[in-house]
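K.L.:
Return a 3D structure for these sequence lines:
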Amino acid sequence: MTTTTLAVLVPLLPFLGAAAGLLLGRTAPGFVRPLAVLPVLASLVLAVTVAVDQGGGQAINSRTELTPTGSVPIELGLHIDGFAALVAVLVGVVATCVQIYSTGYLRDDPRYPSYAALVSLFTSAMLLVVYSGDLMVLLVGWEVMGICSYFLVGHYWETPEARAASLKAFLVTKLGDVPFLIGLFALATDAGSFRITTVLGTVASGGLHHPTLVALLLLAGVAGKSALFPLHTWLPDAMAGPTPVSALIHAATMVAAGIYFVARLLPVFQASAAAMVVLAVMAGVTMVGSGLAALAQDDIKRVLAYSTIGQLGYMAGALAVGDRGAAVFHLLAHGAFKALLFLAAGVIIHASGTNSLAAMSRMKDLRIRVPDAFWTMTVALLALAAIPPFSGFFSKEAVLGAAEHVATGHTEQAPGAAGWIVLVTGLVTAVLTAAYATRLWLLAFRGHGVEAPDHGRQPFAMTAVLWVLAIPSLAFGLAIGPLPDWFDGRDLTPVLTTSVLGTGLALVGGIVTYGAWRHTTALAARVPLGAVAAHPDADAGHVEAEAIAAHEPVFGDVAHAPDPADPGRLLLGPLHRHAAVGFHLDTVYSVLFVRPVQAGASLVRFLDREVVDTYVRGAGALPRWLGTAVRRAQTGNVQTYVSALLAGTVVLVVAALLVATGA
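P.N.:
Sure, this is the predicted structure:
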């Protein structure tokens, strides 16, 4: 079987598994779990085979025209270079782990069949984006992911939080997709094709007529899909969905699609210096803002959500300085440890009896009760904080090193201003990342909150996956020797200056946070926390769903009270209350967009009811009144009719005489 055939099967198998799961979910429930796991696992094996065959060498290209369009052709094609091969493997690994994990996490969920099918469809759509050689086919996978995220985030649709989060995710991403679609059409018009290799050839020959406009239109869609400022607000709210869905979205599918798209079409953006600076500003604001917001969150999943936004900022920063190798390298490393963080958070949710709005400051002794989550999450948090030799150190250092080269003029693949923006904000974010990672670890595993009831040992499917993901979180960065073959030959070896600066700042952030925690813990020892409510549920999915339905964490009235043991309050000071609500960006959007739209809708409703309906009612009332008058004249009395006839005759005669006399 040829490599091209294997590559076609990689996205096709999860799609077929999704279709079979939807058809057999109710009639043959015994096949649901095998149909959820086996097609995705087979797709992973094939993706690894394709990556080995590709070997970081010449890109694999194959195409066939779908149908004559009369103008710009649309082709079903493959374009698999080293980036695509490795990203497909990441998608397969994370999706397989999520499906296996979900068999235990949602084992008693009545909607598990549709959930598993949607996860497979989500995976298939992302793999289509990764392997596609045509922009319109890529757009199909892009939009299918948006639909899947809507349904998966709203899995617990009985709760208003899940319904609102799914709708917000859909609308915000669509807000970016409209200019994105216009940008794709403009790009294809200049190139005369939607084929990616043709587009890149057009850019190389200077055939792109309006590079800045096209790049900015495309960046709008990327900002929505990859949760970059200012369209990032949907991602923290998406935590209302099941935790495995969060792992899939944050690690390997939805948010990775935008970064991967820019990496694949990077020459289009490099054709405009203004677009590169705009991307750098977006990346810088995203990094710093999300780091501050993460330091103020008490919900463990929202901390991780803002963490994802910050790491996406690093990837966008690498692209802004023209280094797609560093961006994709960090995407791969981040995918492993972020999937681990979310899945470990799911174990914590089960063990602590909390929910997707779990207050870390109320957790107690979890390092003893969930040792698997403790050790693996410790590895993932060290990788997130970029502490050597964990994978995050090498990938984040690649980003900072690329920014330093551009800022100091060693390379001219991007404007120097973009390099300085990414370098400075990246170093500031290194401090913030280490601070909120340390805070999460201390509050979750060494906290002095209220002890929740023990829900027993977690299913093996959940804990085994954690250890599988811990391996790349620890060792992936050590594979920098053979990786350059897949990254355009770029040397990924850490640079001394940024390595020392980045690691030193990360250590400072962690040490300062630890000192603040010691201080606040002493203060919290004098504050009673109250009693915790019990949750007798047997599995994590039910704990999460029923607690979300309760609209608050399980700790009763103290859940919303300021926590004196939170070092984030001490570190942020008066900035804390603003950072906790995402710096009021949702309020700004509400004033600028939501309220005007609601006001317009109210005006349309008023015009419809009071003007249009009044006209329609009036148009019907006049004939009704005339009919009533005529009906009353029809009495059925012959004498009345004869009298009316005579009266009419007299009137006509008199009128005729008057006319004759006047004449």
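
K.L.:
next SSE after the least confident helix or strand in the chain by mean pLDDT?
P.N.:
Least confident helix or strand, the chain: helix 540-549 with a mean of 60, by mean pLDDT, DSSP states H and E. The C-terminal neighbour of helix 540-549 among helices and strands, as given by DSSP states H and E, is helix 567-572.

K.L.:
contacts for that next one?
P.N.:
Helix 567-572 has contacts (Cβ atoms under 8 Å, 6 or more residues apart in numbering) with 292, 295-297, 435-436, 439, 442, 512-513, 516-517, 519-520, 562-563, 576, 579. C-beta here means a position set from N, CA and C on the backbone, and glycine is covered the same way.

K.L.:
Can you identify each of the helices in the stretch 201-350 of the chain by residue range?
P.N.:
With DSSP state H, counting those that start in this stretch, the ranges of helices along the stretch 201-350 of the chain come out as 211-225, 234-237, 243-251, 254-264, 266-270, 273-296, 300-320, 324-352.

K.L.:
Distance from the chain centre to the shortest one, please.
P.N.:
In this case it means helix 234-237. Relative to its parent chain, helix 234-237 has a centroid offset of 7 Å by Cα atoms, centre = their mean, to the nearest Å.

K.L.:
low-scoring pLDDT stretches of the stretch 1-150 of the chain, where are they?
P.N.:
Residue ranges of the stretch 1-150 of the chain with pLDDT under 70: 67, 69-70.

K.L.:
So which residues of it form strands?
P.N.:
60-67, 74-80 (DSSP state E, counting those that start in this stretch).

K.L.:
What distance do you get for residue 50 to residue 1?
P.N.:
Per Cβ to Cβ, to the nearest Å, residue 50 is found 11 Å from residue 1.

K.L.:
Residue 174 too?
P.N.:
Remark: distance between residue 174 and residue 1 (Cβ to Cβ) = 39 Å.

K.L.:
And these two? Which one has more around it.
P.N.:
residue 174 (15 against 8; other Cβ atoms under 10 Å).

K.L.:
Looks like that one contacts residue 146 (just checking).
P.N.:
Yes. The criterion here is Cβ atoms under 8 Å, and residue 174 meets it with residue 146 at 7.1 Å.

K.L.:
could you point out where this protein is predicted with low confidence?
P.N.:
Where the chain drops to pLDDT under 70, the residues are 67, 69-70, 352-359, 361-362, 364, 448-456, 480-482, 484, 524-564, 663.

K.L.:
Between helix 211-225 and the biggest helix by length in it, find me the angle.
P.N.:
If you go by DSSP state H, the chain has its longest helix at helix 160-191. If you take axes from the mean of the first three to the mean of the last three Cα atoms, to 10 degrees, helix 160-191 sits at 160 degrees to helix 211-225.

K.L.:
Just want the angle from helix 160-191 to helix 243-251.
P.N.:
Using the same axes, to 10 degrees, helix 160-191 lies at 30 degrees relative to helix 243-251.

K.L.:
Now do helix 160-191: distance to the chain's middle.
P.N.:
12 Å.

K.L.:
helices or strands up against that helix?
P.N.:
Helix 160-191 is packed against helix 135-153, helix 196-204, helix 211-225, helix 234-237, with contacts defined by 3 or more Cβ pairs under 8 Å, 6 or more residues apart in numbering; DSSP states H and E.

K.L.:
Does residue 348 touch residue 370 like I think?
P.N.:
Yes. Between residue 348 and residue 370 a contact is recorded at 6.3 Å, counting by Cβ under 8 Å.

K.L.:
Convert the C-alpha atoms of stretch 320-340 to PDB, please.
P.N.:
Extracted as PDB, the C-alpha positions of stretch 320-340 are listed here (Å, rounded to 0.1, in the frame of the first residue of the first chain):
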ATOM      1  CA  ALA A 320       5.600  36.600  14.000                       C
ATOM      2  CA  VAL A 321       9.400  36.400  13.900                       C
ATOM      3  CA  GLY A 322       9.300  34.100  10.900                       C
ATOM      4  CA  ASP A 323      10.300  30.800  12.500                       C
ATOM      5  CA  ARG A 324       7.600  28.200  11.800                       C
ATOM      6  CA  GLY A 325       9.900  25.400  13.100                       C
ATOM      7  CA  ALA A 326      10.000  26.900  16.600                       C
ATOM      8  CA  ALA A 327       6.200  27.400  16.400                       C
ATOM      9  CA  VAL A 328       5.400  23.800  15.400                       C
ATOM     10  CA  PHE A 329       8.000  22.400  17.800                       C
ATOM     11  CA  HIS A 330       6.300  24.200  20.700                       C
ATOM     12  CA  LEU A 331       2.900  23.100  19.400                       C
ATOM     13  CA  LEU A 332       4.000  19.500  19.600                       C
ATOM     14  CA  ALA A 333       5.600  19.800  23.000                       C
ATOM     15  CA  HIS A 334       2.600  21.800  24.300                       C
ATOM     16  CA  GLY A 335       0.100  19.200  22.900                       C
ATOM     17  CA  ALA A 336       1.700  16.500  25.000                       C
ATOM     18  CA  PHE A 337       1.900  18.200  28.400                       C
ATOM     19  CA  LYS A 338      -1.400  20.200  28.000                       C
ATOM     20  CA  ALA A 339      -3.300  17.000  27.300                       C
ATOM     21  CA  LEU A 340      -1.700  15.500  30.300                       C
END
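
K.L.:
could the strands of the stretch 1-150 of the chain go into TSV alongside mean neighbour count and distance to residue 167?
P.N.:
Below are the strands of the stretch 1-150 of the chain laid out as TSV (neighbours: other Cβ atoms under 10 Å; distance: least, Cβ to Cβ, whole Å):
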stretch	mean neighbour count	distance to residue 167
strand 60-67	14	33
strand 74-80	21	31
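
K.L.:
Quick one: closest of those strands to residue 282.
P.N.:
Closest approach to residue 282 among the strands of the stretch 1-150 of the chain (Cβ to Cβ): strand 74-80, 26.3 Å.

K.L.:
Which residues are in contact with the residue nearest to residue 223 when sequence neighbours are not counted?
P.N.:
Once flanking residues are discounted, residue 223 sits nearest to residue 231: 4.4 Å by Cβ to Cβ, 6 or more residues apart in numbering. Contact analysis of residue 231 by Cβ under 8 Å, 6+ apart lists 172-173, 175-176, 220, 223-224.

K.L.:
And for residue 325?
P.N.:
Counting by Cβ under 8 Å, 6+ apart, residue 325 touches 398, 484, 487-488, 490, 492.

K.L.:
and the two most separated of these?
P.N.:
Maximum pairwise distance among the contacts of residue 325 (Cβ to Cβ): 12.7 Å, between 398 and 488.

K.L.:
So which of the two has more stuff around it?
P.N.:
Under the criterion of other Cβ under 10 Å, the comparison of residue 398 against residue 488 puts residue 398 first, with 30 against 14.

K.L.:
looking at it, the more buried one is touching residue 328, isn't it?
P.N.:
No. Counting by Cβ under 8 Å, residue 398 does not reach residue 328; the two are 9.8 Å apart.

K.L.:
What strand or helix carries residue 660?
P.N.:
With DSSP H and E as the test, residue 660 turns up in helix 638-662.

K.L.:
Give the other helices and strands that that helix contacts.
P.N.:
Against helix 638-662 (3+ Cβ pairs under 8 Å, 6+ apart) you get no helix or strand.
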